[in-house]
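**Q** what's the 3D shape of this:
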Amino acid sequence: MALDDYLHGRDERATRERAMRAAGRLPPGQSLTLKWPVLHDGEVPSFDSAAWDFRVGGLVEDPIALSWAELSALPTSEVTSDFHCVTRWSTFDNRWQGVAVQEVLRRVRPRPEATHVMVLGHKGEVRYGYSTNLPLADLDRPENLLVLRHDGAPLDPEHGGPLRLVVPHLYAWKSAKWVRGMIFMDADKAGYWEKAGYHMRGDPFAEERFG
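**A** Numbers count the residues shown, from 1 in each chain. Below is the predicted model:
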């Protein structure tokens, strides 16, 4: 990049950031990044496809426990969406491929009294060491996926592979990496970062960073 381009804000990142802001897609307090930063608490967990499973329980009519082969065989969808981290970076037009959350909801059939969901994932090798809470209304949206692939390639382990939740309309800590299960509840409860002071919902356009 030429020095003159830099001085006049003509570099690719600045140009795209202005375009996203003008289109109303960049939440307040966020900056566009051309990369996908890696942020998580704990080490990347190991993955054994023969031992791995995904469980859903709590206030549902039909609890499930799916092996890796069974989950991988479910119908998949592709969604293009933006991704906003509470640490103030945003990436745009990510292509996600995976199992629609609504596909899982159709199978487990949440009970009428279910209002919230605790999503459970790894923190290092601890299977349910990470958790984050979501209103069922925020989880039950067509753009939400259990992601297997990103931009055409298998999801990298450092970004949550083999499976992560993506809820693009909320801050990225709600999109649990290395997700292993969900518990449906009749009341809201704080998850891992929420107990540390993060907002209970996390809308980036409302800057719901902290409670």
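**Q** in the longest strand belonging to the chain, what counts as buried?
**A** As assigned by DSSP state E, the longest strand anywhere in the chain is strand 89-100. Within strand 89-100, the residues that count as buried by 16 or more other C-beta atoms under 10 Å are 89-92, 94, 96-100. Backbone N, C-alpha and C define where each C-beta goes, glycine included.
**Q** so where's the chain uncertain?
**A** Within the chain, the stretches with pLDDT under 70 are 1-9.
**Q** what about the longest helix in it?
**A** The longest helix of the chain (DSSP state H) is helix 12-22.
**Q** any idea which residue sits dead centre in the protein?
**A** Nearest to the mean C-alpha position of the chain, by C-alpha atoms, centre = their mean, lies residue 175 at 1.9 Å.
**Q** How about the contacts made by that residue?
**A** Going by C-beta atoms under 8 Å, 6 or more residues apart in numbering, residue 175 touches 83, 160, 164-168.
**Q** from these, which is closest to residue 42?
**A** Closest approach between the contacts of residue 175 and residue 42, by C-beta to C-beta: residue 160, at 12.3 Å.
**Q** Now do the contacts for that closest one.
**A** Contacts of residue 160 (C-beta under 8 Å, 6+ apart): 121, 147, 175-179.
**Q** Against residue 183, how distant is the closest residue to residue 78 other than its chain neighbours?
**A** Leaving aside its sequence neighbours, residue 78 sits nearest to residue 97 (C-beta to C-beta, 6 or more residues apart in numbering; 4.7 Å). Applying C-beta to C-beta, to the nearest Å, the value for residue 97 to residue 183 is 26 Å.
**Q** how far does stretch 128-139 sit from the chain's center?
**A** Relative to its chain's centre, stretch 128-139 lies at 10 Å (C-alpha atoms, centre = their mean, to the nearest Å).
**Q** Check which residues of that stretch are buried.
**A** Under 16+ other C-beta under 10 Å, the buried positions of stretch 128-139 are 129-134, 138-139.
**Q** and if you look at stretch 67-74?
**A** Buried-residue list, stretch 67-74, by 16+ other C-beta under 10 Å: 68, 71.
**Q** cool, and stretch 149-158?
**A** Within stretch 149-158, the residues that count as buried by 16+ other C-beta under 10 Å are 149-150, 155.
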